[in-house]
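**Student:** Need the 3D shape of this:
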Amino acid sequence: MKNFVQPGEIRDYTPDADVASGAVVIIGTLVGVAASAIAAGQLGAVAIEGVFDLPKVAGTAITDGAKLTWSVADGAFTVGAGDTGDTLGGAVAIAAAASADTVVRAKLQPGTGSTVA
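**Tutor:** This next block holds a predicted model:
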């Protein structure tokens, strides 16, 4: 195939600010996870498919199968409609997380996110 570029589980990304390895990266409505540390202005790899243990808003219980919302204000996942600028639906919980938990096991769902207006 002359037009094949790459499989698609990992994509290139150049951030405006430093990104830590394993950090959630929001690119438009796409939710990803930095495959390694990426320096500001440098090209790096972001996983946009897979299952990851990712930060969760404290005090929020999440049920298995819940559509997750990335809260910009909290820098973590929660559930619900979210606030302006949050990303809704780019990931889904694949295990329940109690309100005291600090992480949620999430499956990234490329192409399903939207930004809360």
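
**Student:** helices or strands up against the lowest-mean-pLDDT helix or strand in the chain?
**Tutor:** The helix or strand of the chain with the lowest confidence, counting by mean pLDDT, DSSP states H and E, is strand 114-115 at a mean of 92. Counting contacts by 3 or more CB pairs under 8 Å, 6 or more residues apart in numbering; DSSP states H and E, strand 114-115 packs against strand 87-93. For the C-beta atoms, the positions are set from N, CA and C on the backbone; glycine is no exception.

**Student:** what mean pLDDT would you report for the strand it packs on?
**Tutor:** Mean per-residue pLDDT for strand 87-93: 94.

**Student:** what packs against it?
**Tutor:** Against strand 87-93 (3+ CB pairs under 8 Å, 6+ apart) you get strand 30-34, strand 67-71, strand 103-108, strand 114-115.

**Student:** Quick one: residues in contact with the last one.
**Tutor:** Contact with strand 114-115 is made by Gly28, Thr29, Gly85, Asp86, Thr87, Leu88, Gly89, as judged by CB atoms under 8 Å, 6 or more residues apart in numbering.

**Student:** Who are the contact partners of the fifth one?
**Tutor:** When you say that, I think you mean Thr87. Ile26, Thr29, Val31, Thr69, Trp70, Val72, Gly113, Ser114, Thr115, Val116.

**Student:** nearest to Gln42, of the residues you listed?
**Tutor:** Within the contacts of Thr87, the smallest distance to Gln42 is 18.2 Å, found for Ile26 (CB to CB).
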